[in-house]
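J.: heads up, no residue letters with this:
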């Protein structure tokens, strides 16, 4: 991130932290990128709300959702464009010929930034199609789950193939100061597809309460962003987009906190899942997603367990409702309590993940 150092010269000493000259310099660079994402997403959100209302692009509560969710019907959706457009300025600024930003990016790492952005935008497009179909046909009848998985898997394969070198024969899936785990290329590719598609699906399932998915993804994004900045090749540049994504999430919470004025829709949940998983893979920390994304894992597992148990027992349930956040809602927890507890749990999982890597 030398272009940021040209803009704000560091005044600190020689203390090393995650590959950067000083902790203060890293903080400055991170603050600029977060602010850039925040301001862009905040402006986009302010424009989107009246625009979506005008074209009647609004959310309809699921028929089997908790009764308290019926009041959410009519809230504008597809606010996930805030995330895509929130990270876009970094891409555009760095492409300006002769700019300090463009000069600081090497050809290969910069190419990987574009590929990561393409992954996020591609998955957001799938989500947007699902949102539009759900609105068009009513009763939230969007894309089938298997169709969304197929589309996201195809986008994931294109992304993974574009960032990898099959002649290398191995792929890094976990790394720390003392240990690393390498897998054969074919296995890395298969696991990568499931990591991206699985993360996308898990974030999508978590997006069921005001501010829940947005706040829950913040901690994992912060951790994977910090880890990515430690990587001085492709991973570092993935970290740049992660930092801008953090700013975009914070801005989105201005409109998505309870009571929400804007929902992200599948447009947003698929984009966030792609950004998180793509950055992790570029950083060689695919397996770490299981830990820092512990809340997302729990949400996805609750659905799988509920469906399996329901079929095996011919109608019995483990949870009052799945995904897991609905179980706590029906247990009497206020929506805001569920949301904040899940945020805290996500922060703890992320801290554990960072401690393991460090």
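T.: Everything's here; your move. Treat the numbers as computed from the prediction; the structure is a model and nothing was measured. Numbers count the residues shown, from 1 in each chain.
J.: alpha carbons only for contacts and neighbour counts from here, please
T.: Will do.
J.: check contacts around residue 296.
T.: By CA atoms under 8 Å, 6 or more residues apart in numbering, residue 296 lies in contact with 199, 202, 203, 205, 206.
J.: and the contacts of the helix or strand hosting the third one?
T.: According to DSSP states H and E, residue 203 maps onto helix 185-206. Contact partners of helix 185-206, identified using CA under 8 Å, 6+ apart, comprise 149, 152-153, 156-157, 160-161, 166, 168-173, 212-213, 217, 266, 269-274, 276-278, 281, 286, 296-297, 299-300, 323, 325.
J.: please state the offset of it from the chain centre?
T.: A distance of 12 Å separates the centroid of the chain from that of helix 185-206, by CA atoms, centre = their mean, to the nearest Å.
J.: picking that back up, got the contacts of residue 296 as CSV, with pLDDT, distance to residue 256 and neighbour count columns?
T.: What follows is these, written out as CSV (pLDDT from 0 to 100; distance: CA to CA, whole Å; neighbours: other CA atoms under 10 Å):
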residue, pLDDT, distance to residue 256, neighbour count
199, 97, 21, 27
202, 97, 19, 25
203, 97, 15, 30
205, 95, 16, 20
206, 97, 14, 25
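J.: any chance of those in CSV, plus distance to residue 86?
T.: Shown next, in CSV, are the contacts of residue 296 (distance: CA to CA, whole Å):
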residue, distance to residue 86
199, 20
202, 22
203, 18
205, 23
206, 21
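J.: which stretches of the stretch 151-300 of the chain have low pLDDT?
T.: Counting by pLDDT under 70, the stretch 151-300 of the chain contains low-confidence ranges at 165-171, 174-178, 231-237.
J.: do that again at 80, thanks
T.: Within the stretch 151-300 of the chain, the segments meeting pLDDT under 80 span 165-180, 229-238.
J.: all strands for it, in order.
T.: Using DSSP state E, counting those that start in this stretch, the strands of the stretch 151-300 of the chain run over 170-175, 180-184.
J.: what comes up buried for the helix holding residue 203?
T.: Using 16 or more other CA atoms under 10 Å as the test for burial, helix 185-206 gives 185, 188-189, 191-206.
J.: check stretch 255-275 too.
T.: Within stretch 255-275, the residues that count as buried by 16+ other CA under 10 Å are 255-257, 260-275.
J.: likewise for stretch 348-358?
T.: Buried, per 16+ other CA under 10 Å, within stretch 348-358: 348, 349, 350, 351, 353, 354, 357.
J.: and the residues you listed, which of them are in helices?
T.: 348, 349, 350, 351, 353, 354, 357 (DSSP state H).
J.: can you list those residues in CSV and add distance to residue 78?
T.: Formatted as CSV, those follow (distance: CA to CA, whole Å):
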residue, distance to residue 78
348, 29
349, 28
350, 27
351, 31
353, 31
354, 32
357, 35
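J.: residue nearest the centroid of the chain?
T.: The centroid of the chain falls nearest to residue 272 when counting by CA atoms, centre = their mean (2.5 Å).
J.: residues contacting that one?
T.: So residue 272 contacts 83, 120, 200, 203, 217 (CA under 8 Å, 6+ apart).
J.: same check on residue 61?
T.: Here residue 61 is in contact with 69, 70, 72, 73 (CA under 8 Å, 6+ apart).
J.: quick one: which of the residues you listed is most hemmed in?
T.: residue 72 (19 neighbours; other CA atoms under 10 Å).
J.: how near is that residue to residue 358?
T.: 42 Å (CA to CA, to the nearest Å).
J.: how about residue 157?
T.: Residue 157 is 30 Å from residue 358, by CA to CA.
J.: and for residue 28?
T.: Taken as CA to CA, the span from residue 28 to residue 358 is 22 Å.
J.: now residue 252
T.: 30 Å.
J.: now do residue 164
T.: Distance of residue 164 to residue 358, given as CA to CA: 25 Å.
J.: with residue 209 instead?
T.: 33 Å.
J.: how about residue 88?
T.: Distance, residue 88 to residue 358, using CA to CA: 30 Å.
J.: what's the answer for residue 332, then?
T.: Distance from residue 332 to residue 358, counting by CA to CA: 39 Å.
J.: do residue 34 as well
T.: In terms of CA to CA, residue 34 sits 23 Å off from residue 358.
J.: where along the stretch 201-350 of the chain do the helices fall?
T.: Under the criterion DSSP state H, counting those that start in this stretch, helices of the stretch 201-350 of the chain are mapped to 212-230, 234-256, 265-282, 289-292, 294-312, 324-330, 335-357.
J.: does residue 268 touch residue 125 like I think?
T.: No - taking contacts as CA atoms under 8 Å, residue 268 lies outside contact range of residue 125: 9.6 Å.
J.: so what touches stretch 79-98?
T.: 33, 36-42, 44-45, 48, 99-102, 105, 113-114, 117, 120-121, 124, 241, 244-245, 247-249, 252, 262-269, 271-272.
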